[in-house]
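> test case, fold it:
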Amino acid sequence: MPFLDEDRLFPSEPGQRAVARELYSTVRDAPLVCPHGHTEARWFAEDLPFPDPSALFVIPDHYVFRMLCSAGIALTDLGVPRVDGGPVEADPRRVWRLFARNYHLFRGTPSRLWLDHAFQDVFGCDTRLTADNADWYFDHISDCLTRAEFRPRALYDRFGIEAISTTDSPIDDLRWHRQLRESDWAGRIVPTYRPDTVIDPEHEGFIENIETLGALTGTDISSWQAYLDAHRIRRAAFKSLGATATDHGHPSARTADLPTPEAAALYATVLAGKATPDEAELFRAQMLTEMARMSLEDGLVMQLHAGSHRNHSSTVMARHGRDMGFDIPGRTSFVEHLKPLLNAVGMKPRMTLILFTLDETTYGRELAPLAGAYPALRLGPAWWFFDSFEGMLRYRRRVTETAGFYNTVGFNDDTRAFCSIPARHDVARRVDSTYLAEMVTTGRLDIDEAHDLAHELAGGLARKAYKL
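Now for the predicted structure:
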């Protein structure tokens, strides 16, 4: 028997709840469109079994281990690898028991909903995880993972995934994507061009990454124009393997549009390793506008994830590396910072720039008015800390009246945790059904319009925005 409430996240008012149920029932099993995420193409190319429950649910999921870290549990005790190859807990059962003993920490969080959904609907568990049943859970999930129906390709089909994008560096050789293209499997796994490692002068290994980019593209990257051409070459390579989008994770939304001689001089300073922090920020700002112009040329949709103070803990960064749960929301300005880019391309209908932020205060004041005016702009869904019931509802309430529904792009799951993908989409569909039901029962939408919108929000808007 399921242990999750079938009416979870629906309104408590009976009339609204009935409408929400009706809307949700029509999109519950709709295909999943996953235009941005961090699963690995290698999983699907090799199609090997996932090794164990801890490797599937705990070690790769920063939502999980950041909460455990906040309770004083060392990442090494959770098996999270160290950059120096130093010792970490190697027994996955011990990691799982530690996770289970502390599962109560996730009460009230979206992670709890995602995990419970995966345990119940993917692995058939009929009780919630506790310290007492940790070993049963571990053995049961481990047994499931030995079966063919729990391999990556089978789960892709079972989850009803229509298409999924990975996130890849320009200096990645993309061999797993090529292997997938040459296989007879029908799943659609496409790369996304994420050039931060060769755009951010403050990224470790930046100069070496630039040199690799030059070698990979056969260009002399000592000149500004050759450097831009190297990006064009790699973007074309990504497109040849199905890419439809780029992605940019910048500290701010600042953009610039320098005259060519000034941009070339700035690039020379950056390449010499002499850029000040202000010059590094200006270079990132200039490159956002250059990437936007390239999107006009090649048609790749552009995504900007701004407003995150990434890798906030220097200790965790030094020991475990990037993307280890210590990206923290920060204040973000869009109206002024995006102006140079929008002056260059914002009125071009064939350009699509999708904006994400962790600064909720900008939703109604900046993002919705911008997207409600500029043809090039679309709003991404509530992201990371706001990828939740309350966060999604706040997002809809703050942006819809100004930007409408059709200047947003529906939902994307943005995760490395493969088995949480259907859970995340399910939460989004329940939240959207709840919001639409409220609009119907307060006379702001007709029921047939709400049905149309439920399908658009569940996948239609993402297909269109990301050209999937």
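> what about the strands in the stretch 151-300 of the chain?
Assigned by DSSP state E, counting those that start in this stretch, the strands in the stretch 151-300 of the chain fall at 161-165, 189-190, 245-250.
> tell me the most buried of those?
Burial of the strands of the stretch 151-300 of the chain is given as mean neighbour count (mean count of other CB atoms under 10 Å); strand 189-190 ranks first at a mean of 24. Yep, even glycine has a C-beta here, placed from its N, CA and C like the rest.
> so what's the residue nearest the centre of the chain up against?
The residue lying closest to the centre of the chain (CA atoms, centre = their mean) is residue 414, at 2.3 Å. Taking CB atoms under 8 Å, 6 or more residues apart in numbering as the criterion, residue 414 is in contact with 36, 37, 38, 383, 384, 387.
> picking up where we left off before, need the strands of the stretch 151-300 of the chain in TSV (columns: distance to residue 106 and mean pLDDT).
Putting those into TSV (distance: least, CB to CB, whole Å; pLDDT from 0 to 100) gives the following:
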stretch	distance to residue 106	mean pLDDT
strand 161-165	25	98
strand 189-190	30	98
strand 245-250	26	97
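> sitting in helices, which of the contacts of residue 414 do you find?
Using DSSP state H to define helices, no part of those is located there.
> in ChimeraX, how would I select the buried members of those?
What follows is the ChimeraX syntax selecting those of those that are buried according to 16 or more other CB atoms under 10 Å:
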select :36,37,38,383,384,387
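> any chance of the contacts of residue 414 in TSV, plus distance to residue 117 and pLDDT?
TSV is the format used below for those (distance: CB to CB, whole Å; pLDDT from 0 to 100):
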residue	distance to residue 117	pLDDT
36	20	94
37	17	91
38	19	93
383	20	91
384	18	88
387	14	93
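> show me how the record splits this structure into domains.
With automatic domain parsing as the criterion, the domains of the chain are listed as 14-48+151-465, 51-147.
> pull up the distance across the longest one, start to finish.
With CA to CA, to the nearest Å as the measure, the first residue of domain 14-48+151-465 is 35 Å from its last.
> which residues of this structure score low on pLDDT?
In the prediction, the chain carries no residues with pLDDT under 70.
> and the residue of it positioned farthest from its centre, how close does it get to residue 225?
Of all residues in the chain, the one whose C-alpha sits farthest from the chain's mean C-alpha position, using CA atoms, centre = their mean, is residue 261 at 35.6 Å. Using CB to CB, to the nearest Å, we find residue 261 at a distance of 12 Å from residue 225.
> cool, residue 246 as well?
The value you get for residue 246 to residue 225, if CB to CB is used, is 20 Å.
> now swap in residue 451 and tell me
Taking CB to CB as the measure, residue 451 falls 51 Å from residue 225.
> higher neighbour count, these two?
Just comparing residue 451 and residue 225: by other CB atoms under 10 Å the higher neighbour count belongs to residue 451, 17 against 13.
> so that one touches residue 23, yeah?
Yes. Using CB atoms under 8 Å as the test, residue 451 is close enough to residue 23 to be in contact (6.5 Å).
> for residue 222, which residues are in contact?
Residue 222 makes contact with residue 271 under the criterion CB under 8 Å, 6+ apart.
> same check on residue 305?
Applying CB under 8 Å, 6+ apart, the residues contacting residue 305 are 247, 248, 249, 250, 356, 357, 380, 383.
> kindly report the same for residue 322.
Neighbour list for residue 322: 310, 311 [criterion: CB under 8 Å, 6+ apart].
> where along the stretch 301-450 of the chain do the strands fall?
In the stretch 301-450 of the chain, the strands defined using DSSP E, counting those that start in this stretch lie at 301-306, 308-309, 328-329, 353-357, 377-379.
> and what of the stretch 1-150 of the chain?
32-34.
> does residue 199 touch residue 284 like I think?
Yes. Between residue 199 and residue 284 there is a contact under CB under 8 Å: 6.2 Å.
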